[in-house]
Each structure stands twice: as structure tokens, then as C-alpha cells.
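Novice: my questions concern the predicted model and sequence given below.
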Amino acid sequence: MSHTILVVDDEKEIRNSLSGVIEDEGYSVLTASNGAKALEIVQADRVNLILLDIALPDIDGVEVLRKIKEVEPDIPVIMITGEATVRRAVDSMKLGAADLIEKPINPIEKVDYMLLLIKRELERQQLKRENVAMQSRESRKHTMVGESPAMLRLYDQISKAAPSRGRVLITGENGAGKELVARAIHRQSDRLSGAFVEVNCAAIPQELIESELFGHEKGSFTGAGKRQVGKFEQADGGTLFLDEIGDMSLAAQSKVLRALEEDEIQRIGGTRTLRLDVRVIAATNKELEKEIEKDKFRQDLFYRLNVIPIVVPPLRDRREDVTLLVRHFVKQFCSENGKPIKNVSPDAISMLENYDWPGNVRELRNIVERLIIMVEADAISAADVMSAVHIDRWQANRETSKTLRDMVDDYEKKLIMTELEANGGNVSQTAKNLNIDRANLYRKLRAWGIVKSK
């Protein structure tokens, strides 16, 4: 991508000299001889970086910088200064100037330094854009969706818990969205600029969990070839999310308890105590009170963590959110896979709403992704849903209002009755159009009481 650099200086020779050097490096160049023209160009053209002389004939360069930052705060501005304007250069740095170059710029060393500054600031600008884009994608990825009373209560709890320093214990079934709640608390807290560090306590072998959490020094145990910074240190100034903490060993629990009580840790094999500022949010799908009774979880740690308890409702308790979730995931996965947005038929939505979702939102997300990838048609039908959700998963839901057999029968009956009505009650024509045996169709109609038995 070609970058455009604006050179602002009242001396024509300097403008021409800098323009030639910069253009030789492959950049596009715009020039301005005064502050007013510079501001006009900034507002009218896409400029990636500005070289700005402080001593301008109409407007003080520092004032020009101030106005530029009001209009385009992200454009890097490198100030050009002479000996008489050093004090003004200091003022410009306070206003957000990226750097400064002293006149004259003609020695080759200063030209090389100027080009190095330009390259550095343009790379920094690109990294910043990429970081903003990544954060935007991450934010969309971790968006909480739902307008049901259960979700409105959850949003309220998050908004109250987030600004505080209180530790939060999130409970709920697998796939219900405990991590999303933790991330929402972090985003709404004053620790947003800090790191959000996640540890899945169930996925890390117990013999490694302490090293993962607290780090270790080189040579502290077999295989410790170099120092490792633990998750607590990585989360300093931010949030540490201990997911599935109910699966943590008692030995690790005791060290976590000490870290919470003292706000400090020691790396394994280390002697230095590290003071940390970490907000801990924990989550589990287990009933920790029962784990305490079985001596599998420390009661004192439970009380330390359970300052603000938040329960994430399972999807079956907020079925009215299924449609919103489906639309959200359809949009997400169509975008990710370069496909046009697919419609989801009312029958398909009805089937999804009536399923109990033992895997909760995570299972629904996976099913929608499968449908987006595998269904070639523009619309997703009830039949597509039935093929995407394994039969045994439906049959495992016998306690729902409708079993798979019930839903298949309902769909089949609706299809037949629609076709029968379209054919004016002509059973033979209906059987022909639906490509089913006429005698079999009569049996179904008699079973439904549509025609009487002979």
C-alpha cells in the first residue's frame, strides 16, 4: 500500500529537498507552505504521516499540531525544529507529536534518521490499525446475545460487578457462556487496558498447573530449561480467568488461596516475592459446596472466590433467545466462510427452539456453523436441521415437549396437508406429487382422522 506523506514548511527549497528524498523511498508526497494549507489538505486528503515545521508564517506549528490532532488524532506527526524553537518542540511532544528532527536536515545522517522515523511511525500506525481490527473481531466473537428476562438479569449483574474489585464466581452448565460473562466483566471494568488471561484448569495436567499459574525459574525441576512467566504475572494489572476451577488439585488450590490473600506469588524454584495487582474471576460447572463436602475443594478458597456469585442460565431456560442466537451465528459464519446470508425457515427455527440443547449455546453455535458450511441452498430447512443434529442427540431429549419422532410426524403431516389442500383433497394427485405410495398415504390420513376407515 502506498503511503502519503505531507511535508509542511515555508521554505520552498526544504519542501522540494524532503519531497525528493521521500519519493525516492516509494512514498507519495503532498506539500504545504503554511499552516492553513496544511489543515486544508489534512481535511481533504488521506494523509498517513506529516512532517511539520514549527516556525510557520501564518499559524504557529504547535497550534497546527493541536488542530490536526483534533481532526485526525491517529496521524503521526514528526516536528521539524530549529535551535530557536526547542521550547516549542517540547510543547509539541506534550500534544502528541511522534518525534522531532532538528534543522538542517541535509546531512546524510539526518536524512537517514528521518527516513527511519517515517518507516517506524508508519509501521506503528499499521500495527495499531491491525490491533483495533483484531479487537473488533474479538469483541464480535465474544458478543453475548439474548433479550430474555434471564439474560436481562445477567446483564444487570455484570454491569454491577464489573466496576468493582470484587472477585466473581461464575457457575453454569458446560457451553452456557461462562467465558463470555468473564470477558464482559473485564471489558466493562477499569482493567480493560490490561490483559485478559484465561486458564482452563481442567485441560492442564495437575503436575503442570502450578508452573502454569505461578511460573518457574530455570532449573527448578527436570525439563525447566528456562524461566517461565506464569499466568498470574501475565495478568498483572488485568484479569485472570480461572475456568473449571473445580477441577484444580488441592495442592494448587492452597497456592491460589495464598496468592489471593497476599496479592503476591513466588515462581517455582524462586526466592523473590512478586507483588501483583490481579482481579481473579473463576468459573465452574460443578457444585462447589458438594465438592467441599467430598473434601475435593477448599472451603476457604470458595469463600475467597465467591464474593460475587453469578449463575449463567442454560439455553433451555431462555428458548426465546434461540432465534436471536441463530441469526447472530448465521451472520457470523456466512461472513467467515464468504457465503451470502442464508435464511432459516420457520419450521427449522421451531425445531431448534424445541430442542433442549444439553450442550447449550456452544452446541447451537456448532450446529449453525455445520449448517452454513454443508447446506448449499439459500435457505435452511427443518430437514437440514434434522440431518445436522444427530438422531441420538434428539432421542436423548425424551423429556422435552416433543421427541424427534413427534417433530418428524408434525413436519410430515404439515407437508401432506398443505399439498392435499392445494390438490383440492385429491389423495391420488397428492400421493403422486409427493412421490409416496397411495395406499401408504391413505393409511396416514386414516390415522390422523382425515378420512374414515372403510
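Specialist: That came through, no problem. None of the values given here were measured: they were computed from a predicted structure.
Novice: and the gap between residue 29 and residue 18?
Specialist: Using CB to CB, to the nearest Å, residue 29 is found at 8 Å from residue 18. C-beta: built from backbone N, CA, C; applies to glycine.
Novice: for those two, indicate the residue with more neighbours.
Specialist: Neighbours were counted for residue 29 and for residue 18 using other CB atoms under 10 Å; residue 18 has more, 23 against 18.
Novice: returning to what we had before: give me the common contacts of residue 29 and residue 18.
Specialist: Residues within reach of residue 29 and of residue 18 at once, by CB atoms under 8 Å, 6 or more residues apart in numbering, are residue 7.
Novice: got the contact list for the closest residue to residue 61 other than its chain neighbours?
Specialist: Once flanking residues are discounted, residue 61 sits nearest to residue 54: 3.6 Å by CB to CB, 6 or more residues apart in numbering. By CB under 8 Å, 6+ apart, the contact set of residue 54 is 60, 61, 62, 79, 80, 81, 82, 85, 88, 89, 92.
Novice: hmm, 6 Å instead?
Specialist: 61, 79, 81, 85, 88 (CB atoms under 6 Å, 6 or more residues apart in numbering).
Novice: contacts only, for residue 176.
Specialist: 312, 314, 360.
Novice: shouldn't residue 319 be in contact with residue 353?
Specialist: Yes: in this structure, residue 319 is within contact of residue 353 by CB atoms under 6 Å, at 5.1 Å.
Novice: shared neighbours of these two, which are they?
Specialist: Here residue 319 and residue 353 have no joint contacts, going by CB under 6 Å, 6+ apart.
Novice: what number of residues lie near residue 172?
Specialist: 19.
Novice: ignore what I typed, I meant residue 99.
Specialist: 17.
Novice: residue 250 now?
Specialist: Neighbour tally, residue 250, other CB under 10 Å: 12.
Novice: how confident was the prediction at it?
Specialist: On pLDDT, residue 250 comes in at 93.
Novice: would you list every one of the strands in the stretch 101-250 of the chain?
Specialist: Counting by DSSP state E, counting those that start in this stretch, the stretch 101-250 of the chain has strands at residues 168-171, 196-200, 239-243.
Novice: hmm, who's touching the shortest one?
Specialist: Spelled out, that is strand 168-171. 161, 178, 181, 281-284, 305-306, 308-311.
Novice: now do the second one
Specialist: The list of residues contacting strand 196-200 from outside it, by CB under 6 Å, 6+ apart, reads 186, 231, 234, 235, 239, 240, 241, 242, 243, 244.
Novice: and if you look at stretch 93-109?
Specialist: Surrounding stretch 93-109, the residues in contact under the criterion CB under 6 Å, 6+ apart are 65-66, 69, 76-82, 89, 114, 117, 121.
Novice: so how far is that stretch from its chain's centroid?
Specialist: 39 Å (CA atoms, centre = their mean, to the nearest Å).
Novice: in that stretch, which residues are buried?
Specialist: Residues of stretch 93-109 classed as buried: 97, 98, 99, 100, 101, 103, 105 (neighbour count, 16 or more other CB atoms under 10 Å).
Novice: in the residues you listed, find the pair that's most separated.
Specialist: 98 and 103 (17.5 Å; CB to CB).
Novice: wouldn't residue 356 be in contact with residue 315 here?
Specialist: No: counting by CB under 6 Å, residue 356 stays clear of residue 315, with 8.3 Å between them.
Novice: got the buried residues for stretch 431-444?
Specialist: 431, 441, 442.
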